[in-house]
Structure formats: C-alpha cells, structure tokens
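> quick one, fold the following:
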Amino acid sequence: MQALKSVWDFFQNEILGMKWLNQLIGNLLEACGLSTETRLGGSVQFFIYDTIKIMLLLGVLILIISYIQSYFPPERTKKILGRFRGIGANMIAALLGTVTPFCSCSSIPIFIGFTSAGLPLGVTFSFLISSPMVDLGSLVLLMSIFGVKVAVLYVVLGLVIAVAGGTLIEKLCSESQVEEFIRKASTIDIASPTLTQKERLVYAKDQVAETFKKVLPYILVGVGIGAVIHNWIPESWVVTVLGSNNPFGVILATIIGIPMYADIFGTIPIAEALLAKGAQLGTVLAFMMGVTTLSLPSMIMLRKAVKPELLSVFVTICAVGIILVGYFFNLFQGYII
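A predicted model of the protein is given here:
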C-alpha cells in the first residue's frame, strides 16, 4: 500500500504537477541573476512554469480527447441522445458534454443544432451546462493543481448541476421558449464518413492546433493575473474578501466570474493563486464555474436562440447550483485537501 501511495504521489507531483519543471525554471532564473525570492522573480517563475505546464498537459489531453471525439460527431451524438428518455437522457447528454473540449460560446452552436433536430429541451441544456464546465481536460488539469479528490468531486458535482439543471428546465419551460427560427429549422441527417485510424490522428492533431489558437490568449492572461495575485496582492486582502471570514465570498466570486469570458484553462491559474493566498476552495471553484458556464458573451449568444424567460431560468438554476457547490466545498475543505 505504501509503495502504491509513493507511485501515486510521484505521478501527482512530478507528472501532473511537474514540480521538477518549477525547480528547473527557478534554478535557471537564479543562474541568470534573478532571485525567485523577490516579487518580480517569483512572478516570472510562476508565469513561465504555469504556462509551460498547462500547454504541455493541454496538448496531450486535447490530442486524446479529440481522438475519442472523432467517434462522436454531432450527427452520431444526436442519434445517441435520441434513443434515451427522461433523466437517463439528461445523464447521457451531460456525460457526452465531457468529451467536447469547448468553451461555452463554442458549445452554443451545437446546442442550437440539437434543439433544431428536435431533441428535448432539458437534454440539450444538460449538454450545454456540462460541456464547458466539466470536460475531461479540466479533470486532469484540476488534478495537477488541487489533487484527485478535488478534481473528481468538481466533475461529479458539475455533472449533478448539468443533470439537475436540464431536468428542471424541462419541467419549468416549454419548447415555445426557444426562438421560432430554431424550432422551425429543418435538419438534414448527413451520414458521417467512417474515418481511418490515420484520419482520426490527423483530426486530433488539427484539433490541438485549433484549440491552442483559441485558448492561448486566455491562458496567458489567466497565468499573468495568477502571477500578480501570487506575488503582489497581500494575502490579508484575499483572506478578507474571499476567506472564511466572509460568508458571502462564494456569492461574490460567482457574480464576479459571470461577466468574464474565458475557458477553464485560463481560470485555473487564477484559482490556484487565490487558493495559495488564503481564499477558500469552494469560493475559487465557484469563480471558475461562473466564468466557464455563465460568461456574458455566451449569454448574449444564447439569447439569440432562446427567449428571456428561458434564459433567466437557465442562469438562475446554474447560479444557484454553482453557489451551493461552492458552499459544499468550503464546508468540507478540511476533509478534501
């Protein structure tokens, strides 16, 4: 058992966490005359280390996920979802969302396609919630920073929000709340060509390149903000606003996160820095969920597809779910990390 724990700790710290890379960068900066004990040196070390680590992990993850995704083109996904009814359909939709490495704005066109194809409203919303919030890439990146318990719980609770949210929307709203041009849109089922193994690998490599183009600016901005928080923002400030002494920290973090636009890869470095400065775990995770699921640009896009009442129900359900998850993590933080 001890040997197994040692192997896991090595995997967690050196493979996922890449502690060796942090040490290497620190040594190189010291050799160049820039002390990592200073604010500037610490910021440079944080920025270089987190950027390289996230890009390396992201490249491998997107390659694997995109290869899996090549077996689930939208047409096939629609057929799979069409076979299920009730809460089982919501669960399948939420799970399928985990193999789509998209931000919320990228998920909305797929959501529109599913809706116009006649899939139940709640099922399509379960997909829309889970896709940006809990893809498999976020699971591994969260493991590299927060550990396996936090990562698994985050994904499980994210899926619960997706299933519960889609089910509630199905009960509370009708198809008439979807804009008419989508409901009346005709869909043509085009059989997806069967790809060879070589074509799947080419597709996966292309997805890696496309994903890098999309997320690199957000990663750089996120890591930059994280570096500033990590080395320049006084710990007392973070503790006062987002620490255990502020019972409204989770609500505040969720509200702050909603107007922003980034994917989960750009928010993780910020969450990492906030946690290191004394913010509560649930508070920073609520911030991440708010940014990835309810960003203002994605809500503007979604408004073009659904009517205000349905949009309001969607935002309310997601926000309440995110806040409850945040308080759950805060309550049990001592047992989780």
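> SS state for the closest residue to Gly224 other than its chain neighbours?
Closest residue in space to Gly224, ignoring its immediate chain neighbours: Phe47 at 6.4 Å, by C-beta to C-beta, 6 or more residues apart in numbering. C-betas here are computed from N, CA, C, even on glycine. In three-state terms, and counting by DSSP: H, G, I helix; E, B strand; the rest coil, Phe47 is helix.
> try Glu30
helix.
> same question, the one 5 residues further on
Reducing the assignment to helix, strand or coil with three-state DSSP, the entry for Ser35 is coil.
> phi and psi next, for it.
Per-residue torsions, Ser35: phi -70, psi 130 (degrees, to the nearest 10).
> how about the longest helix along the chain: buried residues?
In terms of residue count, the longest helix belonging to the chain (DSSP state H) is helix 197-231. Under the neighbour-count criterion of 16 or more other C-beta atoms under 10 Å, helix 197-231 has 200, 204, 207-208, 211, 214-216, 218-220, 222-231 buried.
> can you check stretch 238-251 too?
Neighbour-count burial for stretch 238-251 flags Val238, Val239, Val241, Leu242, Gly243, Asn246, Gly249, Val250, Ile251 (criterion: 16+ other C-beta under 10 Å).
> by contact count, what packs against the helix or strand that contains the third one?
Under the criterion DSSP states H and E, the helix or strand holding Val241 is helix 235-242. If you count contacts as 3 or more C-beta pairs under 8 Å, 6 or more residues apart in numbering; DSSP states H and E, helix 235-242 packs onto helix 249-257.
> tell me which other helices or strands the helix it packs on touches.
helix 235-242, helix 281-293, helix 308-331.
> and the longest helix of the chain, how far out from the chain middle?
In terms of C-alpha atoms, centre = their mean, to the nearest Å, the centre of helix 197-231 is set 13 Å apart from its chain centre.
> any weak-confidence spans in the stretch 201-337 of the chain?
261-263 (pLDDT under 70).
> and the helix or strand hosting Val7, C-alpha only, in PDB?
In this structure, Val7 sits in helix 2-10 according to DSSP H and E. Taking C-alpha atoms only, helix 2-10 is exported to PDB below (Å, rounded to 0.1, in the frame of the first residue of the first chain):
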ATOM      1  CA  GLN A   2       2.800   2.400   0.800                       C
ATOM      2  CA  ALA A   3       4.500   1.600  -2.500                       C
ATOM      3  CA  LEU A   4       1.300   2.300  -4.300                       C
ATOM      4  CA  LYS A   5       0.900   5.600  -2.500                       C
ATOM      5  CA  SER A   6       4.500   6.500  -3.400                       C
ATOM      6  CA  VAL A   7       3.800   5.800  -7.100                       C
ATOM      7  CA  TRP A   8       0.700   7.900  -7.000                       C
ATOM      8  CA  ASP A   9       2.400  10.800  -5.200                       C
ATOM      9  CA  PHE A  10       5.100  10.700  -7.900                       C
END
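> got the contact list for the closest residue to Ala319 other than its chain neighbours?
Nearest non-adjacent residue to Ala319, counting by C-beta to C-beta, 6+ apart: Thr254, 6.1 Å away. For Thr254, the contact set (C-beta atoms under 8 Å, 6 or more residues apart in numbering) comprises Ala286, Phe287, Met289, Gly290, Ala319, Ile322, Ile323, Gly326.
> hmm, Gly222 is touching Ala271, no?
No. In this structure, Gly222 is not within contact of Ala271 by C-beta atoms under 8 Å, at 9.1 Å.
> so which bits of stretch 46-61 are buried?
46-55, 57-58, 61.
> and what of stretch 303-313?
For stretch 303-313, the neighbour count (16+ other C-beta under 10 Å) marks Ala305, Val306, Leu310, Leu311, Val313 as buried.
> in CSV, list those residues along with distance to Val152.
Conversion of the buried residues of stretch 303-313 to CSV gives the following (distance: C-beta to C-beta, whole Å):
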residue, distance to Val152
Ala305, 32
Val306, 32
Leu310, 32
Leu311, 31
Val313, 29
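> now the closest residue to Leu216 other than its chain neighbours, what's its secondary structure?
The shortest distance from Leu216 to any non-neighbouring residue, by C-beta to C-beta, 6+ apart, is to Met55 (7.8 Å). Here Met55 is helix, with the state taken from three-state DSSP.
> doesn't Ile219 make contact with Met55?
Yes. Met55 is in contact with Ile219 according to C-beta under 8 Å; the separation is 7.0 Å.
> who's in contact with Leu311?
Counting by C-beta under 8 Å, 6+ apart, Leu311 touches Met299, Leu302, Arg303.
> state the distance from the closest residue to Val238 other than its chain neighbours to Trp237.
Nearest residue to Val238 in three dimensions, chain neighbours excluded: Lys277, at 4.0 Å (C-beta to C-beta, 6+ apart). Using C-beta to C-beta, to the nearest Å, Lys277 is found at 8 Å from Trp237.
> show me which of these two is the more surrounded one.
Neighbours were counted for Lys277 and for Trp237 using other C-beta atoms under 10 Å; Lys277 has more, 20 against 13.
> ok, that one to Gly290 distance?
In terms of C-beta to C-beta, Lys277 sits 19 Å off from Gly290.
> before we move on, what about Val241?
Distance from Val241 to Gly290, by C-beta to C-beta: 15 Å.
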